[in-house]
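Engineer: Prediction below, plus the sequence it came from.
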Amino acid sequence: MKRVVVTGIGAVTPVGNTAEATWDALKNGRSGITLVTRYDPELTKAKVVAEVKNFAPTEYIEKRECRRMDLYTQYAIAAADQAVADSAIKGQIEPERFGVYAGSGVGGIITFYEQSINMYTDKNISPFFIPMMIGNIASGNIAIKHNAQGPCLPVVTACSTSTHAIGEAYRAIKFGFADAIIAGGAEAALHPLSIKGFTSCKALTMSEDPENASIPFDKRRSGFVLGEGAAMLVLEEYEHAVARGAKIYAEICGYGNTCDAHHITAPDPEAVVASRCVTQAIEEANYVKGESVYINAHGTSTPMNDSTETRIFKIALGEDAYKAHISSTKSMTGHMLGATGAVEAIAAIMAMREGIIPPTIGYKEPDPECDLDYTPNKAVQADVSLALSTTFGFGGHNACLAFRKY
């Protein structure tokens, strides 16, 4: 079995349009959560969102091509281009050994809405409607642009999408099916239709105060803030990376994947099945009891997720859960759905690499059911040897990634 390392990162997020800018914001506690500006706020009850700002797709895509792509694909291509450039892998890999695992939880919902309106107003349906909307097209477009002729898959597991994409890409390289894979996720669902949908299932906060809306693990939490964007990582077989002198951010050394098989939206409060995905990841990473750990938690700021996730960590780590450094960067980015796992994987890697634990901002009132160290409000310095990133999605999809210092 092969070792797998991370050699490139890219991101377009509510706190920055590159991975570097995103990490700088996260470690300094800067939030991208604001009142909605994308559409008339009176259209929806939920008025606080996490929008990508000042995104210029023509920096990555020709203007004509932009008109043929949903926004989620534009975000995906931008993040992938950044990651590929950062890795310097172009021209250093055989096309048939280069893959793409890029998913989306929702896909082209904005395109779907706009074309539906066209149908009912006797306007023509775009010939690009289907290839703009479908959930696999970001991975397809990335593969086309970078001539990645190896394994190419979208993953669609709601909030766990990009964590699973990275984990499955890791396994594909580990077992010899590729030498490098661009892996991550993208989402662009900030639209009144999706906002109203999430509101109807009581998932979103109704707070109109951006500073007190996404407040993971705080007793006042009342729902998540919808975000958008994309993040991509270049995963590479270790010997291949070393042979070409690649910069190595971290080694990916563990992955867990389970399903609650419990409910379409709610996590299983017993937390046993979800904790097993964390256990799978840390056992594969050869976790040693007592070692220093950072966990970038799913931390959605919903009442059930945060208390259940706390229970997950206690089951998986035992007493060591109380020693772990934990934070939810969703307190700054909001919930980026299919992109969230990849953004948080980057945050976990950079936290371990720089020895800086990003904070959970907006934290004021402790919850007795959430009694671990969530790094409230300010970053702390800590030398950790193992970094975990967890995500838990609608449908009971659980995922955990484990990274070690290189």
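Structural biologist: Cool, got the structure. Numbers count the residues shown, from 1 in each chain.

Engineer: ok, so what distance separates Pro57 from Met352?
Structural biologist: 32 Å (Cβ to Cβ, to the nearest Å). To be clear about C-beta, it is placed using only N, CA and C from the backbone, and glycine gets the same treatment.

Engineer: Which one's more surrounded, these two?
Structural biologist: Remark: of Pro57 and Met352, Met352 carries more neighbours, 27 against 18, as counted by other Cβ atoms under 10 Å.

Engineer: wait, doesn't the more buried one sit right on Phe403?
Structural biologist: Yes - the criterion here is Cβ atoms under 8 Å, and Met352 meets it with Phe403 at 6.4 Å.

Engineer: which residues do those two both contact?
Structural biologist: Contact criterion Cβ atoms under 8 Å, 6 or more residues apart in numbering; residues shared by Met352 and Phe403: Ala250, Leu386, Ala387.

Engineer: Quick check: which element contains Gly10?
Structural biologist: Using DSSP states H and E, Gly10 sits in strand 4-12.

Engineer: From the contact counts, what lies against that strand?
Structural biologist: Judged by 3 or more Cβ pairs under 8 Å, 6 or more residues apart in numbering; DSSP states H and E, strand 4-12 is in contact with helix 19-27, helix 71-87, helix 161-174, strand 229-237, helix 238-243, strand 250-259, helix 340-354.

Engineer: and the fifth one, which residues are buried?
Structural biologist: Buried positions in helix 238-243, judged by neighbour count with 16 or more other Cβ atoms under 10 Å: Tyr238, His240, Ala241.

Engineer: Please render these as a markdown table that adds distance to Ile182 and pLDDT to the earlier fields.
Structural biologist: Below are those laid out as a markdown table (distance: Cβ to Cβ, whole Å; pLDDT from 0 to 100):
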| residue | distance to Ile182 | pLDDT |
| --- | --- | --- |
| Tyr238 | 17 | 98 |
| His240 | 14 | 98 |
| Ala241 | 14 | 98 |
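
Engineer: quick check, nearest of these to Val288?
Structural biologist: Using Cβ to Cβ, Tyr238 comes nearest to Val288 of the buried residues of helix 238-243, at 21.3 Å.

Engineer: in terms of contact, does that closest one touch Val4 like I think?
Structural biologist: Yes - if you go by Cβ under 8 Å, Tyr238 and Val4 touch, sitting 6.6 Å apart.

Engineer: Find residues that contact each of the two.
Structural biologist: Both Tyr238 and Val4 are contacted by Glu251, under the criterion Cβ under 8 Å, 6+ apart.

Engineer: All the helices of this protein, in order from the start?
Structural biologist: 19-27, 63-66, 71-87, 109-120, 129-133, 137-146, 161-174, 192-200, 238-243, 272-284, 303-317, 330-333, 340-354 (DSSP state H).

Engineer: Indicate which one of those is closest to Ala379.
Structural biologist: helix 19-27 (5.2 Å).

Engineer: what does the average pLDDT come to for the closest one?
Structural biologist: Helix 19-27 shows an average pLDDT of 98 in the prediction.

Engineer: now it: how far from the chain's centre is it?
Structural biologist: Taking Cα atoms, centre = their mean, to the nearest Å, one finds the center of helix 19-27 at 14 Å from the center of the full chain.
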